[in-house]
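[1] Coordinates only, no sequence provided:
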């Protein structure tokens, strides 16, 4: 590993420590869930390595246990991961010029990686594309490790996993608070919270994510000149 990558790894790793904690717990929950559902540990290992979409991987357990319906699987995956369209648009400029790393950056994009790569202040002298690459690779490896451990030891450690998924909610709350403290202008944060609450009341808990993202995108687009002046 050359000096450029070592320097980027040193800068990226501390940013991923909250993700390490969350992904180990939630990944182990997923691995245990797969194991108690009758699958070998190879399933959570390979699925976390190749799919890397936590909510889809949980849903995939029921899809694998049910009748073969590829159209249903496709529709479910699109609905659950439609938010990544907005993530990708937001990162177009940041990922420009990443070279051979760009395909993996696209594949490995998840909620947590987006939160870091979009908001992190990269130290001077650290290659941006290498920083983004390490954040993506580290987050991916945490999920694979957690899922594999859960698949290996799930049958040996039977316990009630209800509520463990709340660790990710807590982690996002911490990321939001850190971003709030770092920014002097809280307009975008207040818009995000306010519009999300309105869409939650209007569309319900099962359908509010895409409308809220569209509303946030539209509002920020209209307010972009004002926000950039600030």
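    All right, it came through fine. Note that the coordinates shown come from a computational prediction; the quantities given were computed from them, not determined experimentally. Numbers count the residues shown, from 1 in each chain.
[2] what about the longest helix in this protein?
    When the chain is scanned for its longest helix (criterion: DSSP state H), the result is helix 3-36.
[3] now for that one, which elements pack on it?
    helix 42-50, helix 54-65, helix 111-119, helix 128-153, helix 166-182 (3 or more CB pairs under 8 Å, 6 or more residues apart in numbering; DSSP states H and E). Bear in mind the C-beta positions are built from the backbone N, C-alpha and C, glycine included.
[4] SS state for residue 125?
    With DSSP: H, G, I helix; E, B strand; the rest coil as the basis, the three-state label of residue 125 is coil.
[5] Nearest residue to residue 77 in space, please, no chain neighbours.
    residue 56 (5.4 Å; CB to CB, 6 or more residues apart in numbering).
[6] Can you give me the neighbour number for residue 55?
    Number of residues near residue 55 (other CB atoms under 10 Å) recorded here: 15.
[7] typo on my end, residue 34
    Neighbour count for residue 34, taken as other CB under 10 Å: 27.
[8] Turn the helices and strands packed on helix 3-36 into CSV, columns for mean pLDDT and distance to residue 81.
    Converted to CSV, those look like this (pLDDT from 0 to 100; distance: least, CB to CB, whole Å):
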stretch, mean pLDDT, distance to residue 81
helix 42-50, 91, 14
helix 54-65, 79, 6
helix 111-119, 89, 10
helix 128-153, 93, 15
helix 166-182, 67, 15
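[9] Distance to residue 11 for the ones you listed - can I get that in TSV?
    Shown next, in TSV, are these (distance: least, CB to CB, whole Å):
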stretch	distance to residue 11
helix 42-50	25
helix 54-65	26
helix 111-119	11
helix 128-153	6
helix 166-182	17
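[10] check contacts around residue 107.
    residue 52 (CB atoms under 8 Å, 6 or more residues apart in numbering).
[11] nope, residue 48 is what I was after
    Contacts of residue 48 by CB under 8 Å, 6+ apart are 27, 30, 57, 143-144, 146-148.
[12] again, only this time at 10 Å
    Counting by CB atoms under 10 Å, 6 or more residues apart in numbering, residue 48 makes contact with 23, 27, 30-31, 34, 54, 57, 140-148, 150-151.
[13] right, and the residue nearest to residue 77 touches residue 63 too?
    Yes: the pair residue 56 / residue 63 is scored as a contact, 9.2 Å apart, by CB atoms under 10 Å.
[14] any residues in contact with both of these two?
    Common contact partners of residue 56 and residue 63 (CB under 10 Å, 6+ apart): 73, 76-77.
[15] Filter the residues you listed down to just the ones in helices.
    73, 76-77.
[16] out of the residues you listed, who's nearest residue 96?
    residue 77 (27.0 Å; CB to CB).
[17] And that closest one, how close does it get to residue 24?
    25 Å (CB to CB, to the nearest Å).
[18] cool, residue 152 as well?
    For residue 152, the distance to residue 24 - CB to CB - is 13 Å.
[19] can you check residue 213 too?
    28 Å.
[20] Repeat that for residue 186.
    32 Å.
[21] again with residue 40
    Counting by CB to CB, the gap from residue 40 to residue 24 is 21 Å.
[22] Residue 205 in helix, strand or coil?
    Once three-state DSSP is applied, residue 205 turns out coil.
[23] tell me the domain ranges of the protein?
    3-167, 183-230 (automatic domain parsing).
[24] tell me the most buried of these?
    Greatest average neighbour count among the domains of the chain goes to domain 3-167 (a mean of 17), per mean count of other CB atoms under 10 Å.
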